[in-house]
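Student: Got a predicted structure plus its sequence, pasted below:
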Amino acid sequence: MKITERILGGLIVILMIGRLLYSYPFSAILITFSCLFLSMLYLFFGFALLNNIRFRNILKKESYKGISVLRIILTIMTGFLLSFLVVYMLFKFQRWPYGNIGLQICLIWLAIIIAAVAIKYFISKDKFYSNFLIRLFTIGVYGTLLYFVSSEQLLEMKYKDFPDYIEAEKELMKDPDNMYLREKANEERHKMDLSDE
């Protein structure tokens, strides 16, 4: 499962950066499904993944030998948090509602968990906690970078070839309840979609 996590994480980063640099077919769908698959992996199998238990050994009692109940609880909670973090990273990237606030909440909780794991590492010097810190820090860096990129910047990077659409969307962001601006943004989106065909 560790390899699956790395492949999915790397794929998501490549797909997102690729989408910012170049418009390719089905980009939103590929990014969404990759993020959701990684999110489900953390949600349902986070305790095993974070404890380095192979998928085929999840149901074997001996796989959990030497792992404390506290560590299992920590990895379950962290798996839930990482699942939500990946989903809110997707929301922010796609400019969906509540992406920024959800990302902010997840990053605050991630910082708390990183602090707790760092303390535990400095006390025990256990290799598990050093690997755990590296994983949390890596995911946290991606989340933090995405948090500090504004929706306007994402819009400009994704649709740099369509300045009329960018301006229409920016106006709509300032006044999201304005039906005229919504129609104008939809018209520009439609023009952009027609030019891609």
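Tutor: Okay, I see it.
Student: For N178, give me phi and psi.
Tutor: phi -80, psi 110 (degrees, to the nearest 10).
Student: quick one: the residue lying closest to it once chain neighbours are set aside from N186, how far?
Tutor: Spatially, and ignoring its direct neighbours in sequence, N178 is nearest to L172 (7.1 Å; CB to CB, 6 or more residues apart in numbering). Yep, even glycine has a C-beta here, placed from its N, CA and C like the rest. Plainly put, L172 is 9 Å away from N186 if you go by CB to CB, to the nearest Å.
Student: Could I get the buried residue list for the helix or strand bottoming out on mean pLDDT in the chain?
Tutor: Least confident helix or strand of the chain, by mean pLDDT, DSSP states H and E, is helix 179-196 with a mean of 83. Going by neighbour count (16 or more other CB atoms under 10 Å), the buried part of helix 179-196 is L181, K184, A185, E188, M192.
Student: Looking at those, spot the one nearest I3.
Tutor: When the buried residues of helix 179-196 are compared for distance to I3 (CB to CB), M192 wins out at 38.1 Å.
Student: which residues in this protein form helices?
Tutor: Along the chain, counting by DSSP state H, helices occupy 2-21, 27-50, 69-94, 99-124, 127-148, 151-158, 163-174, 179-196.
Student: next one: phi and psi at P25?
Tutor: Main-chain dihedrals, P25, degrees, to the nearest 10: phi -60, psi 140.
Student: Of the helices of the chain, which stretch is the most buried?
Tutor: The highest average neighbour count among the helices of the chain, using mean count of other CB atoms under 10 Å, belongs to helix 69-94 at a mean of 20.
Student: which helices and strands sit right next to that one?
Tutor: helix 27-50, helix 99-124, helix 127-148, helix 151-158 (3 or more CB pairs under 8 Å, 6 or more residues apart in numbering; DSSP states H and E).
Student: re earlier: which of the buried residues of helix 179-196 sit farthest apart?
Tutor: L181 and M192 (16.2 Å).
Student: Quick one: distance of stretch 85-99 to the chain centre.
Tutor: 7 Å (CA atoms, centre = their mean, to the nearest Å).
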